[in-house]
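Asker: output the structure for:
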Amino acid sequence: MVDSSTAPGTSTTRQPGLRGDLGTFSLLFMTLAFQAPLISVAAFLPFVIGGGLGGASPLGSLFSIVVMLVFSVGLVAMARRMAKPGGLYTYVGVGLGGPAGLGSGFLALLCYLLLSSSNVIVSGLSVTELLSTMFGIEGVPWWACGLVLWALVSALTMLNIEVSGRVLGVALVLEVLVVLVWEAVVFVDGGPEGRGLDILGYLDPAEFGFALLWGMSGFIGFEAIQVFRARAATPIAPSRARPT
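Answerer: The predicted structure follows:
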């Protein structure tokens, strides 16, 4: 029997490769969620402020924004010439050769493993503090909360990427709301030292690298747009693609 739903000359065999139905907003929200704005503000910023820059800490973020805007122009231009999606190591491999690409891949893997480990610790401590201050539940070890959160995240990675995109989108909206409320309260209250605009008075070139590192950490995972572009509902075909 001939299947009338199959047109002549077509094949029903699924071609290998990543597939998905991620829309523009799903891909955007998922990538922005990787930045973890709440973690950046609640976990990293206090160390930067206490490290010596104080009120000048936002300058590190502003400088990082300029650097990343310039870098993103080149990254997007290169992405249109890449035959396959991939992380930054893919671009390094095409531009500088296989050994450099492989080395950068292992370096990126190490950095993400260390970052993920620190996130488990910070998340576990935050949940423990939340249970203690808001619900009066004492004695819960931070590592137990961290393991539960790690298990939940691991379970999400085993599901369809669209599910993770929706969950991360909701988490991003909630994180941004929390940060905005916190910033509004700080702006109205003024903090222990009140309001001040003497930003340059806090600027110490010796400590600026610390603030720059915090600013760059706010862009972690931005390359996910290039990594998951094949999972988009209508991926853009690369022009004059080079093999990867």
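
Asker: need the helices for this structure, in chain order.
Answerer: Per DSSP state H, the chain carries helices over the ranges 24-34, 37-39, 45-48, 57-79, 88-96, 98-135, 142-157, 161-189, 199-202, 208-217, 224-227.

Asker: so can I have CSV of the ones you listed showing mean pLDDT?
Answerer: Shown next, in CSV, are the helices of the chain (pLDDT from 0 to 100):
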stretch, mean pLDDT
helix 24-34, 75
helix 37-39, 78
helix 45-48, 79
helix 57-79, 84
helix 88-96, 85
helix 98-135, 88
helix 142-157, 89
helix 161-189, 82
helix 199-202, 67
helix 208-217, 78
helix 224-227, 77
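
Asker: how about TSV for the ones you listed, with mean neighbour count added?
Answerer: Where C-beta positions appear, they are placed from N, C-alpha and C, glycine not excepted. Output for these, formatted as TSV (neighbours: other CB atoms under 10 Å):
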stretch	mean neighbour count
helix 24-34	18
helix 37-39	18
helix 45-48	16
helix 57-79	15
helix 88-96	18
helix 98-135	14
helix 142-157	14
helix 161-189	14
helix 199-202	13
helix 208-217	19
helix 224-227	18
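
Asker: how close does the spatially most central residue of the chain sit to residue 86?
Answerer: Centroid-nearest residue in the chain, with CA atoms, centre = their mean: residue 34, separated by 2.4 Å. In this view, residue 34 and residue 86 are 16 Å apart by CB to CB, to the nearest Å.

Asker: swap in residue 76?
Answerer: Residue 76 is 14 Å from residue 86, by CB to CB.

Asker: same question, residue 144
Answerer: 37 Å.

Asker: cool, residue 56 as well?
Answerer: Taking CB to CB, one finds residue 56 at 37 Å from residue 86.

Asker: show residues contacting stretch 39-50.
Answerer: 57, 60, 119, 122, 126, 179, 182, 210-211, 214, 217-218 (CB atoms under 8 Å, 6 or more residues apart in numbering).
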